[in-house]
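A.B. asks: dropping a prediction and its sequence here:
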Amino acid sequence: MPVPRVLAFRPDGSKRLGHRFSQDDLTGDFSGVRLDGGEHSMDGETVAVSSSIAEPKAVDCGVEAAFQVQAAPKWNAGDATDEITEQDRVVIFTPGPPPFTDWILEIEPEEGYQSFAPVTYESLTPGVAAASPNGEVTAHKAGEAVVRVEQGGTVVDHAFSTVPPPGSEVRVFVRHVTGSAARHIHDQVIDRLIGLTPSEDARRLFSVADHAAGVYERNPECWLAGVDTTCLSVYNRDGGGGGTIWRVTAISPRHAVGADHFNYTPRVGNRLRWVTMDGEVIERTVVARRHPPEFYDEAGNYVVSFWPRRPDIGIVVLDEDLPPTITPAPLLPLDIPDRLPNLAVQNQSSYLPGVVINRGLEAIPKGRMQFSQTLGHPWIFGELRTWSNQVGASTWEHYPLFNWEEFGGWGRGLIQGDSGNFSGIIFGGKLVLGGVHTGPSSASNLLTYRDLINSLMSEDGEYELTHADLSAFPTYT
């Protein structure tokens, strides 16, 4: 299967395929893609890359998408057990498979594949099962079902039996334990959404964001109203996309972090803008950029990075400290396996909700946060929807709390230009940084790079990352 590649553009507008990547099969609007001018090393070949792409370019490279479709039972109608408390959550078991059951479908990207296009589901066997827009399959009878899954022009007809495997059981999530850190984080998002109507206005952080005039008014109707979001830069006066890309998140009074693929890290001399909770505009100038050592060649020259190269981060140094009215974002705590045991399990989703920010300064609630302590593994997030996840050879975990009819309208996918923005959770009424966007459902996992980031920041004095304090919550180890 062909490997998706990323595009580099020469000054004359001609294209060259570079490192592995995919953005809607490498088609669409690339007007926001900017790279430093001059020569860059890509795959061992030196190419000239234009400093900007003035006009949108639709480029069809004939790249075949690479994803598989996974199916997991949504509900098992066998006799349910009583509620069982497992660490910080309450579950029930439904052993004994029924004659047939509903299923959850989702795509599983192969290595190197990303797409920002929406996923659609269509049942080709409506007499056996019906498919909803969010991948939930309602079985009508036992039999072979076929669902057509499409993303970015790529189609996969996924066939599966509505009959669950013999001996299978489903562990159904009921709720997070009262008083746990997980319950607190869950309520910080869901309690703010209940009773609100999903809309663009309800997602906007600012009711007025006049970048030209430098006037900003926070939106009292935003579901995130009242949460301290001052760590988010709102504008780059010299950045791409009219100043709406190359955004960063403050992580110390003197430093901010963004993405590095496509050279998204702000340049030296760029003027970045933050807004206090009272609407005061704070501007700072970038005086230096810091990158992980592996982003430099043997001669010490910086080489632009592309996903899936890790870590996809760039640190900017400001000309002076931000004032106390701008709150740098803390990271997750170091004792996360003790306080949030089900968030720190690789290949198992926690189902905790969080928030991501896009280039339009919209706060988009997300679900199914997944964190790994393994260096280089990304921070993962999904939509607010019903999920099922295989956790054993014949055991699935089902999470029905986020009803699609109630919460599905809050969903909005990330697009090109959103890279580098915030992804994380809400804790104690403040944002806690998990990572910065690298793709449509992933971010660089900053906690795993804590030592590296602190080392880069220490070159400017006694600066270091801070961490959310979960010490008031119980441990489970």
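C.D. replies: Good, I have the coordinates.
A.B. asks: buried set for stretch 417-432?
C.D. replies: Neighbour-count burial for stretch 417-432 flags 417-427, 430-432 (criterion: 16 or more other C-beta atoms under 10 Å). The C-beta positions use only the backbone N, C-alpha and C, and glycine is treated the same way.
A.B. asks: taking those residues, tell me the two that lie furthest apart.
C.D. replies: Greatest spatial distance among the buried residues of stretch 417-432 (C-beta to C-beta): 417 and 427, at 27.6 Å.
A.B. asks: count the neighbours of residue 319 for me.
C.D. replies: Neighbourhood size, residue 319 [other C-beta atoms under 10 Å]: 12.
A.B. asks: let me fix that: residue 273
C.D. replies: Using other C-beta under 10 Å, residue 273 has 18 other residues around it.
A.B. asks: go on, residue 469?
C.D. replies: Residues within reach of residue 469, counting by other C-beta under 10 Å, total 12.
A.B. asks: need the pLDDT of it.
C.D. replies: Per-residue pLDDT puts residue 469 at 92.
A.B. asks: list the buried residues in the helix ranked longest in the chain.
C.D. replies: The longest helix of the chain (DSSP state H) is helix 181-193. Across helix 181-193, burial judged by 16+ other C-beta under 10 Å covers 181, 182, 183, 184, 185, 186, 188, 189, 190, 192, 193.
A.B. asks: so where is the stretch 201-350 of the chain shaky, pLDDT-wise?
C.D. replies: Within the stretch 201-350 of the chain, the ranges that satisfy pLDDT under 70 run 239-243, 262, 293-310, 343-350.
A.B. asks: how about the helices in it?
C.D. replies: In the stretch 201-350 of the chain, the helices defined using DSSP state H, counting those that start in this stretch lie at 336-339.
A.B. asks: re earlier: ok, the buried residues of helix 181-193 vs residue 291, which is closest?
C.D. replies: Proximity of the buried residues of helix 181-193 to residue 291 (C-beta to C-beta) peaks at residue 185, which lies at 31.4 Å.
A.B. asks: for that closest one, what are its contacts?
C.D. replies: In this structure, residue 185 makes contact with 340, 352, 353, 354, 425, 426, 427, judged by C-beta atoms under 8 Å, 6 or more residues apart in numbering.
A.B. asks: next, format these as CSV and append secondary structure and distance to residue 283.
C.D. replies: Shown next, in CSV, are the contacts of residue 185 (DSSP: H, G, I helix; E, B strand; the rest coil; distance: C-beta to C-beta, whole Å):
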residue, secondary structure, distance to residue 283
340, coil, 36
352, coil, 35
353, coil, 33
354, strand, 29
425, strand, 28
426, strand, 27
427, strand, 28
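A.B. asks: hang on, the earlier thing: now, which of the buried residues of helix 181-193 sits nearest residue 462?
C.D. replies: Checking the buried residues of helix 181-193 against residue 462 by C-beta to C-beta gives residue 181 as the nearest, at 29.3 Å.
A.B. asks: and the gap between the closest residue to the closest one other than its chain neighbours and residue 184?
C.D. replies: When the adjacent residues along the chain are set aside, residue 181 lies closest to residue 473, with 3.9 Å between them (C-beta to C-beta, 6 or more residues apart in numbering). Residue 473 sits 7 Å away from residue 184, going by C-beta to C-beta, to the nearest Å.
A.B. asks: again with residue 256
C.D. replies: Counting by C-beta to C-beta - residue 256 and residue 184 are separated by 27 Å.
A.B. asks: so what strands line up beside the helix or strand hosting residue 364?
C.D. replies: Here residue 364 sits within strand 363-370, counting by DSSP states H and E. Here strand 363-370 has these sheet partners by DSSP bridges: strand 354-357 (antiparallel), strand 379-382 (antiparallel).
A.B. asks: which of these has the lowest mean pLDDT?
C.D. replies: Mean pLDDT values for these show the minimum at strand 379-382, a mean of 67.
A.B. asks: what is the neighbour count of the nearest residue to residue 423 once chain neighbours are set aside?
C.D. replies: Nearest residue to residue 423, sequence neighbours excluded (C-beta to C-beta, 6+ apart): residue 443, at 4.0 Å. By the criterion of other C-beta under 10 Å, residue 443 has 27 neighbours.
A.B. asks: mind checking the SS state of residue 443?
C.D. replies: Per DSSP: H, G, I helix; E, B strand; the rest coil, the secondary structure class of residue 443 is strand.
A.B. asks: that one against residue 435, yeah?
C.D. replies: Yes - Residue 443 is in contact with residue 435 according to C-beta atoms under 8 Å; the separation is 3.1 Å.
A.B. asks: dump the residue contacts of the residue nearest to residue 181.
C.D. replies: 179, 180, 181, 184, 339.
A.B. asks: try residue 429
C.D. replies: Contact partners of residue 429, counting by C-beta under 8 Å, 6+ apart, are 188, 226, 227, 228.
A.B. asks: can you tell me how far the second one sits from residue 191?
C.D. replies: It refers to residue 226. As judged by C-beta to C-beta, residue 226 and residue 191 stand 12 Å apart.
A.B. asks: between the two, which contacts overlap?
C.D. replies: Common neighbours of residue 226 and residue 191, using C-beta under 8 Å, 6+ apart, do not exist here.
A.B. asks: I figured residue 204 hits residue 222, correct?
C.D. replies: Yes - with contacts counted by C-beta under 8 Å, residue 204 reaches residue 222, the gap being 5.8 Å.
A.B. asks: show me whatever sits in contact with both of these two.
C.D. replies: Common neighbours of residue 204 and residue 222 are listed as residue 363 (criterion: C-beta under 8 Å, 6+ apart).
A.B. asks: distance check, residue 70 against residue 125.
C.D. replies: Residue 70 is 18 Å from residue 125, where distance means C-beta to C-beta.
A.B. asks: then residue 199?
C.D. replies: Counting by C-beta to C-beta - residue 199 and residue 125 are separated by 36 Å.
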